[in-house]
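Enquirer: sequence and predicted structure, then a few things I'm wondering about:
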Amino acid sequence: MIIEARDLRKTFTTRGRKGSQTVEAVRGVDLTVEKGEIFGVLGPNGAGKTTTIRMLATLIVPDSGTAVVAGHDLLKEPEAVRRKLGYVSQEGGVEDTTSARAQIMMAARIHNVADPKRATADVLDRFDLAELADRPGRTLSGGQKRRVAVALGLVHAPRLLFLDEPTTGLDPQNRANLWERIRQLRESGTSVLLSTHYLDEADALCDRLVIVDHGRIVAEGTPGELKREVSGDVVTLRLEEPERAAEALRPLAREVRVDEDALRVYVDDGEHTLPALLHILEEQGIGLRSIALDRSTLDDVFLAKTGRSLRDAGAAA
Ligand SMILES: Nc1ncnc2c1ncn2[C@@H]1O[C@H](COP(=O)(O)OP(=O)(O)OP(=O)(O)O)[C@@H](O)[C@H]1O
């Protein structure tokens, strides 16, 4: 095990003009991350993901709870924990005026890496950055900057890497590229804990994950286990009168949701429900533009556990 955390809690109090405000950011989180796995913390904005990661990475002291991280007690031996881990924040921390090579070399020296020049060249190579390495940070694209940020967190070859929302703001091609590199880290034996609010990222990348909401874990397992837990299928219909169709189809479904221009109908057995569903639409004279049948997604798991959609929750925060 590379992380074992029990009942971590953190409350923030801020004092403003309207008096003090208290936010219970993390309300009793238990986590176990095995060596060599990619572990995800999935949740909407404000769920407590960053606070959880920052506590485990020794950057914020928890109010209560215990954790052993990379073989050391988080509260009693934070320095020893810090030496074993890499941390890449949401903002990335790539400087504008300095080159990637100089920044990575500096990080290598701060971490007392034996041969900083060589370690820098190695990590630049691994992240396909060698050709860009001597340009000032500000001239790099968003995707290149993210790769430099991850390289900065890795130059001292940590056993455990924390990535806080690593692909936020990247285009699909750069996201896929970074996913591939994160998978390669796992192959080289590095354990990764990442936070994300992207369902597809958690699904594609994580061996196991927790779903968090309002500072608490609402579900835990492999992506497959979680999706099986909310057994059943989702029929997504695009049609002319979604609200009226929702009413008509409700008796057939466990749940019906109107989602922008689409209607999502949650059923136990999609294949066998489809004919009856189409029959009702025809009977009601509701024109159908398209229909798709899928297994449930992690968003459906979130919906089942919290009564809200992860996408709605994210947008509302
Ligand atoms: N330093 C702080 N002072 C006061 N409140 C804070 C502080 N840091 C976080 N919070 C609050 O704690 C809650 C959890 O924040 P956190 O950044 O951990 O969420 P998150 O899941 O990482 O969100 P996001 O996806 O937007 O980064 C939020 O309500 C946030 O406003």
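Expert: Looks like it arrived, so ask away.

Enquirer: what's near enough to touch Ala67?
Expert: Listed by C-beta atoms under 8 Å, 6 or more residues apart in numbering, the contact partners of Ala67 are Ile3, Glu4, Ala5, Arg6, Leu8, Leu31, Met55, Leu56, Asp73, Leu74, Leu75. Any C-beta I mention is one placed from the backbone N, CA and C, and that applies to glycine too.

Enquirer: contacting residues for the closest residue to Gly93 other than its chain neighbours?
Expert: Spatial nearest neighbour of Gly93, chain neighbours left out: Ala149 (6.1 Å); criterion: C-beta to C-beta, 6 or more residues apart in numbering. With contact set as C-beta under 8 Å, 6+ apart, Ala149 has these partners: Val88, Ser89, Gly92, Gly93, Val94.

Enquirer: the strand or helix carrying Ala149: which residues count as buried?
Expert: Assigned by DSSP states H and E, Ala149 falls within helix 142-154. By neighbour count on 16 or more other C-beta atoms under 10 Å, the buried set for helix 142-154 is Gly143, Gln144, Lys145, Arg146, Arg147, Val148, Ala149, Val150, Ala151, Leu152, Gly153, Leu154.

Enquirer: show me which residues of the protein sit near the ligand.
Expert: Proximity of the chain to the ligand (C-beta under 6 Å from any ligand atom) is limited to residues 12, 14, 23, 25, 43, 45-51, 197.

Enquirer: domains of this structure?
Expert: Annotated domains of the chain cover 3-227, 232-295 [automatic domain parsing].

Enquirer: okay, strands next: where are they in this structure?
Expert: For the chain, applying DSSP state E gives strands covering 3-16, 19-33, 38-42, 64-69, 72-73, 85-88, 160-164, 191-196, 208-213, 216-221, 233-239, 255-259, 262-267, 288-295.

Enquirer: neighbours around Asp233, how many?
Expert: Residue crowding around Asp233 was assessed by other C-beta atoms under 10 Å; the count is 19.

Enquirer: any low-confidence regions in the stretch 101-250 of the chain?
Expert: 230-231 (pLDDT under 70).

Enquirer: top of the contacts of Ala149 by number of neighbours, please.
Expert: Val88 (23 neighbours).

Enquirer: give me every residue that touches the nearest residue to it once chain neighbours are set aside.
Expert: Nearest non-adjacent residue to Val88, counting by C-beta to C-beta, 6+ apart: Gly153, 4.1 Å away. Residues in contact with Gly153 (C-beta under 8 Å, 6+ apart) are Gly86, Tyr87, Val88, Leu161, Phe162, Leu163.

Enquirer: how about the contacts made by the first one?
Expert: The neighbours of Gly86, taking C-beta under 8 Å, 6+ apart as the test, are Gly153, Leu154, His156, Pro158, Leu160, Leu161, Phe162.

Enquirer: if Asp294 is in a bridge, with which residues?
Expert: Beta-bridge pairing for Asp294 (DSSP bridges): Val234.

Enquirer: next, give phi and psi for whichever residue of the stretch 151-300 of the chain sits closest to the ligand.
Expert: The nearest approach of the stretch 151-300 of the chain to the ligand comes at His197, 5.3 Å away (C-beta to the nearest ligand atom). When read as degrees, to the nearest 10, the backbone of His197 gives phi -110, psi 10.

Enquirer: between the contacts of Ala67, which sits nearest the ligand?
Expert: Nearest to the ligand out of the contacts of Ala67 is Met55 (C-beta to the nearest ligand atom; 9.5 Å).

Enquirer: run a quick neighbour tally on the closest one.
Expert: Residues near Met55, counting by other C-beta under 10 Å: 26.

Enquirer: just Arg250 next, same as before
Expert: For Arg250, using other C-beta under 10 Å, the count is 12.
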